[in-house]
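Colleague: Predicted coordinates and the sequence they were generated for:
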Amino acid sequence: MQEFAGKVAVVTGAGSGMGRAFATRFAEEGMKVVLGDVQQDALDATVQDLTVRGHSVRGVRIDVSRAEDVQRLADTALDAFGKVHVVCNNAGVEGYMDGPIWEATDRDWEWTTGVNFWSVVYGVRTFVPIMLAQDEEGHVVNTASMTAVVRAGNMYGITKHAVLALSEILYAQLQETKVGVSALCPGIIATRLFQGSRNRPPQLRNEEAPSGAVQGDEHRRMMHERLQQGMQPSEVAGILVQAIREGRFYVLTDHDWDDRIRSRAQDILEWRNPELGVAQR
């Protein structure tokens, strides 16, 4: 997909971070943009910012873990602009990191997989048929993570491995169509990812604090500080737009993780046990 001007993009998690940067870059490329986010104030601020700059946008408050909300996002895009050409399934949360995986509750799993994985399933199931029926060039972007191509260290990593696998299947099955697919695997990006618990629904909060809650919160704090030293979301948006133009599937943001990628691949090829670092324990 080479041309963006005059076409329509849909972005989830668009109120802040990478989603906001993607929506902004698509608008600057001349696209009409539909933004979805669970946080109303952040969504409104992004929509207002783009609108006053003369861009044609719509905002929809949605919970991406609900199929009916994703359908409502699609309906809004079609009602407002008639078509959809680029879909960014981008919303994500840090999820459970409050102890060993066997101590995670059903609510922990439902929250983390709902936002990080099921939202992508719903996005694919909702938007791909629309894009195929249009018979025009289009592109699906699923935000995975560098944790999807190295050893998973926590529940977040599990969900991102799943997103990458889903994306690989989608890429293969859309080969004979006009719809391309990219799996975006960002590294350390200056976002609020590790503050995602602020949007955890009350019904999915645990009644009792998990055994590792204190350590989990400290890890979130440290990781948030680390992310603030990372690449700016606007730079990721530039990388993504170029990748869409090139029809590139694997979209990595840097080479900082290359050694870990090679190490995991070699462990598998040589039938050896994983070399565990702190992040994988």
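Modeller: That came through fine.
Colleague: got the buried residues for the longest helix along the chain?
Modeller: With DSSP state H applied, the helix covering the greatest number of residues in the chain is identified as helix 155-173. Using 16 or more other Cβ atoms under 10 Å as the test for burial, helix 155-173 gives 155-164, 166-167, 170-171. For the C-beta atoms, the positions are set from N, CA and C on the backbone; glycine is no exception.
Colleague: Stretch 115-129 now?
Modeller: Residues 115-124, 126-128 are the ones in stretch 115-129 that count as buried (16+ other Cβ under 10 Å).
Colleague: Show me where the stretch 101-250 of the chain has its strands.
Modeller: Secondary structure of the stretch 101-250 of the chain (DSSP state E, counting those that start in this stretch): strands located at 138-143, 179-185, 250-252.
Colleague: Single out the most deeply packed of the ones you listed.
Modeller: Comparing the strands of the stretch 101-250 of the chain by mean neighbour count (mean count of other Cβ atoms under 10 Å), strand 138-143 ranks first with a mean of 26.
Colleague: still on that earlier bit, need the buried residues of helix 155-173 in CSV (columns: pLDDT).
Modeller: Putting these into CSV (pLDDT from 0 to 100) gives the following:
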residue, pLDDT
Met155, 92
Tyr156, 92
Gly157, 94
Ile158, 96
Thr159, 97
Lys160, 97
His161, 98
Ala162, 98
Val163, 98
Leu164, 98
Leu166, 99
Ser167, 99
Leu170, 99
Tyr171, 99
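Colleague: who's in contact with the longest helix of the chain?
Modeller: Taking Cβ atoms under 8 Å, 6 or more residues apart in numbering as the criterion, the residues outside helix 155-173 that touch it are 93-97, 101, 104, 108-109, 112-113, 116-117, 120-121, 124, 128, 140, 142-145, 147-149, 151-152, 181-183, 185, 249.
Colleague: where does the chain dip in pLDDT?
Modeller: Counting by pLDDT under 70, the chain shows low-confidence ranges at 194-196, 211, 224, 277-281.
Colleague: Tell me which residue is most central in it.
Modeller: Nearest to the mean C-alpha position of the chain, counting by Cα atoms, centre = their mean, stands Asn90 at 2.6 Å.
Colleague: Give me the neighbour count for Asp258.
Modeller: Residue neighbour count, defined by other Cβ atoms under 10 Å, stands at 10 for Asp258.
Colleague: One more: Arg264?
Modeller: Arg264 sits with 16 neighbouring residues when counted by other Cβ under 10 Å.
Colleague: backbone phi and psi for it, please?
Modeller: Dihedral pair for Arg264: phi -60, psi -40, per degrees, to the nearest 10.
Colleague: One more: the one 10 residues further on?
Modeller: Phi and psi for Pro274, reported as degrees, to the nearest 10, are phi -60, psi 140.
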